[in-house]
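Undergrad: model this:
(2 chains)
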Amino acid sequence: MAQEPVIKVRDLVVGFGDQTVLDHLSLDVRGGEILGVVGASGAGKSVLLRTIIGLLPKRHGSIEVLGVDLDQANEQQRRALERRWGILFQQGALFSSLTVRENVQFPMRENLDLSPRLMNEMALAKLEMVGLTPDDANKFPAELSGGMTKRVALARALALDPEIVFLDEPTSGLDPISAGDFDELIRTLQQTLGLTVFMVTHDLESLYTACDRIAVLADGKVVADGPLETMLESEHPWVKNYFQGKRGGLLVDRRVSA
Amino acid sequence: MGEVLLTSKLKGERLELAAAGPWTAAHASELEALVDRVAGEAPQAKKVSIDMTGVSEFDTFGAWLLERLTRAWTAAGQKPAIVGLPKHDRGLLEEMHGVNREPPRAPARENRIVGALAAIGRGAAGLGRGFMLFADMLGAVGVATLRVLRHPSEFRLTSTINQFDRVAWQAVPIILLITFLIGAIISQQGIFHFRKFGAELYSVDLVGILVLREIGVLIVAIMVAGRSGSSYTAEIGSMKMREEIDALRTMGFDPVEVLILPRILVLVIALPVLTFLGSMAALYGGGLVAWLYGGISPDIYLSRLTEAISLTHFKVGMLKAPFMGLVIGIVACAEGLKVKGSAESLGLQTTASVVESIFLVIVLDGIFAIFFASIGM
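TA: A predicted model of the protein is given here:
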């Protein structure tokens, strides 16, 4: 595992109108780790993710992904960088007029020059890696369940073998068993593919089972950052409430006793 | 980066392959060509091995192509050995080992003639279903109207006024502009051609009768179908997509009463109003051109107009308007409810809504022409 951070956020300020969402935030994501970002609803977790991938403008600060400063990168460098990351949006954001297979093939078709045979094989391979069957490949997104939509979206995010995967609430809207499977899937894929995962989540289970490191967002800053043990020792009221509150406490007890 | 390589060497009865360079997505097409070339070479050798030591980068694309090669050889009765692959890449190869084992079921292919016949049949059935849907929607709106008449407190006044603002009030400027221009053009063409017979003054009759009976209401109906009919379909369609309509239904509301009745009612009221305004703008445009281009002074234009047209012409045009509003509204809402999950289907139904309602408006106009002719209006 490389120790040089693959994502380096420094002094980031993001806001809308006269509201400041992220206030001089700094964060590092190291290569090959799964980072879980938590925080209250509206704390700016998704805003942070969307700013890093360039969907939202920032007011101040710098963001460096895989050694490329996004402000100084030209069009070509940006395109090259976008091929090295994959994003799983909260609602899946599958293209509704394309089949599952075409959705997964879309990034390959646009970015690589592949034979139709290889593209078909790769799309099916990716779908099988995320736990879908070849029969699902010809379905349309409207015919999928919530869990399947997330899996297809993950397969599409992995289509180009990215180095970084951004996940925006990957397990929200899934039942606990599916969510557990999904966490495991992310963990397995991260190990086989050597991914770096940046995961925004609300799900305590995901934090415990999947994440190597946790960053807590509150008041527009990272207030705590480290493995679960650090979280449990933190004195910040929100962090304390979150990890030692009713729901968090139960899970922690279980983990400690296990 | 280095070049992608796959070199083969035949040592006695042993075929040794050496791979080098990046085996990644970016080089997948060159790699595929290399792999497919050597895939046929194995059968002559007794033992085959692939040395992956020289590979600098390895991802799922490379792993799959390696797997494809070993599968081809295994099928040919060989047992290829892979050496020199780092441990974590070995996991990736194992992952690939399990995939694509069963080919996906090929979609059932049907006979071309049968397919064409089926398409015709589906089209005819669709036409019938479309008509039924129209009748169904008309009935549902009728029932909802009766219910609202019996319990007036259930009527959605706020929603109706909001729709009226969007459909009628905000449409006024563009409708005035278009009908003004159309009136002006008819007047100019009339004067230009009637001048040959010295009958410029009859262009006023042309403008008056044409605008009040036909053009005014038709132009306005087509404009409204394009402007409001399409937005009704898109609104109701996207509400259908996001399950908002189902939510309404489960809360005990009738979507026809809550969403569709106010919209259709607004169209039925708005179309005569817009037709009146549009007709006046067209007559004004016609008069302006008659004055500036044909030298017919406004006084003469007006007196000629009062002689040429009667209240009947005006009534014919205005009577048609609410029916056209009803047709546009019903088609737009019925198409909206037909929307399925995808963005493409939303676009398809919106197109269908506009095309169908313009077509029906013109058909309706023809039916009215026969009707008014037979009752002598």
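Undergrad: burial of residue B:295, as a residue count?
TA: Neighbourhood size, residue B:295 [other Cβ atoms under 10 Å in any protein chain shown]: 10. Quick note: C-beta positions are derived from backbone N, CA and C, even for glycine.
Undergrad: which residue does chain B have closest to chain A?
TA: Relative to chain A, the nearest point of chain B is residue B:341 (2.5 Å; Cβ to the nearest Cβ).
Undergrad: secondary structure element for that residue?
TA: For residue B:341, there is no host helix or strand (DSSP states H and E).
Undergrad: who touches the residue nearest to it when sequence neighbours are not counted in this structure?
TA: Excluding the flanking residues, the one nearest residue B:341 by Cβ to Cβ, 6 or more residues apart in numbering or on different chains is residue A:142, at 2.5 Å. Applying Cβ atoms under 8 Å, 6 or more residues apart in numbering or on different chains to residue A:142 gives the contacts A:96, B:340, B:341, B:342.
Undergrad: widest-spaced pair of those?
TA: Maximum pairwise distance among the contacts of residue A:142 (Cβ to Cβ): 9.4 Å, between A:96 and B:340.
Undergrad: could you report the neighbour count for residue B:124?
TA: Using other Cβ under 10 Å, the number of residues around residue B:124 comes to 10.
Undergrad: how about it, secondary structure?
TA: Secondary structure, DSSP: H, G, I helix; E, B strand; the rest coil: residue B:124 is helix.
Undergrad: need phi/psi at residue B:50.
TA: phi -120, psi 120 (degrees, to the nearest 10).
Undergrad: and the strands in the stretch 1-150 of chain A?
TA: For the stretch 1-150 of chain A, the strands defined by DSSP state E, counting those that start in this stretch cover A:5-16, A:19-30, A:34-39, A:60-65, A:68-69, A:85-88.
Undergrad: cool, the stretch 151-258 of chain A as well?
TA: A:164-168, A:196-200, A:213-218, A:221-226.
Undergrad: out of those strands, which is closest to chain B?
TA: strand A:164-168 (13.3 Å).
Undergrad: and the direction of that closest one versus that of strand A:34-39, what angle?
TA: If you take axes from the mean of the first three to the mean of the last three Cα atoms, to 10 degrees, strand A:164-168 sits at 30 degrees to strand A:34-39.
Undergrad: list the helices and strands strand A:164-168 packs on?
TA: Under the contact definition 3 or more Cβ pairs under 8 Å, 6 or more residues apart in numbering or on different chains; DSSP states H and E, strand A:164-168 sits against helix A:45-52, strand A:85-88, helix A:146-157, strand A:196-200.
Undergrad: can you add mean pLDDT and give these back as CSV?
TA: Shown next, in CSV, are those (pLDDT from 0 to 100):
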stretch, mean pLDDT
helix A:45-52, 85
strand A:85-88, 85
helix A:146-157, 84
strand A:196-200, 87
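Undergrad: tabulate these in JSON lines, adding columns for mean neighbour count and distance to chain B.
TA: Listed next are those as JSON lines, based on neighbours: other Cβ atoms under 10 Å in any protein chain shown; distance: least, Cβ to the nearest Cβ, whole Å:
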{"stretch": "helix A:45-52", "mean neighbour count": "22", "distance to chain B": "20"}
{"stretch": "strand A:85-88", "mean neighbour count": "22", "distance to chain B": "12"}
{"stretch": "helix A:146-157", "mean neighbour count": "24", "distance to chain B": "11"}
{"stretch": "strand A:196-200", "mean neighbour count": "25", "distance to chain B": "14"}
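Undergrad: and the pLDDT for residue 208?
TA: Answering for chain A, as no chain was given. If you check residue A:208, the pLDDT there is 78.
Undergrad: let me rephrase: I mean chain B.
TA: Predicted confidence (pLDDT) for residue B:208: 93.
Undergrad: for the closest residue to it other than its chain neighbours, list the residues it contacts.
TA: Nearest residue to residue B:208, sequence neighbours excluded (Cβ to Cβ, 6+ apart): residue B:309, at 4.2 Å. When contacts are counted by Cβ under 8 Å, 6+ apart, residue B:309 touches B:205, B:208, B:209, B:212.
Undergrad: this completes my enquiry, with thanks.
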